[in-house]
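Asker: predicted model and sequence follow; I will ask about them next.
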Amino acid sequence: MIVITLSLSIRLTLCGNVLNGVWCRNYLVVKLACSDTTVNYIYGLFGIMLSVGVPLLPIIFSYMKMIKICFSGSKPTRQKAVSTCTPQLVSLINFSFGCFFEVIQSRFDMSSLPSVLSMILSVYFVILQPLLNPIMFGLQMSKIRKTYTHIQIKGVN
């Protein structure tokens, strides 16, 4: 996939050299082109569908099945399922949110957007998503450690 993207980008004739973003993305280079970029657009949409859309569908389907099974159980089972799945769902939503803004920002004209907001959205996917995961799962781990310690103390007495 990278080889195809690179070969499609190398053939372009560029009209400028200033990228409108914090970090270099292929689509920003394509926006600088004076030549025909139709193939790049089509391949870019295909790449997005292949790399984001295809994996996202089975993930959403599996979470729907898990939630359906968990909510058919008892109240403690439902509470445990919700507490277990919540950090994972938050992480998935956060990742999807970052991907969505990355695609929107690169594919559409965002010149009316304030430059500060544009820069924040540009780094959201790179910084905030990896930063939130350890926090979410770290909070859950502290609950697990506290429960384990409580069970261990009860077992000793």
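Answerer: Cool, got the structure.
Asker: closest to the centroid, which residue in the chain?
Answerer: Geometric centre of the chain, nearest residue: residue 95, 2.2 Å, by C-alpha atoms, centre = their mean.
Asker: tell me how many other residues crowd the closest residue to residue 25 other than its chain neighbours.
Answerer: Closest residue in space to residue 25, ignoring its immediate chain neighbours: residue 106 at 5.9 Å, by C-beta to C-beta, 6 or more residues apart in numbering. Glycine gets a C-beta too; all of them are placed from N, C-alpha and C. Here the number of neighbours of residue 106 (other C-beta atoms under 10 Å) works out to 19.
Asker: again, but for residue 125
Answerer: With other C-beta under 10 Å as criterion, residue 125 counts 21.
Asker: helix, strand, or coil at the nearest residue to it once chain neighbours are set aside?
Answerer: Spatial nearest neighbour of residue 125, excluding adjacent residues (C-beta to C-beta, 6+ apart): residue 98 at 3.7 Å. Classification of residue 98 using DSSP: H, G, I helix; E, B strand; the rest coil returns helix.
Asker: and the helix or strand containing residue 58, how far out from the chain middle?
Answerer: Element membership for residue 58, per DSSP states H and E: helix 54-70. Distance, stretch centre to chain centre, for helix 54-70: 17 Å (C-alpha atoms, centre = their mean, to the nearest Å).
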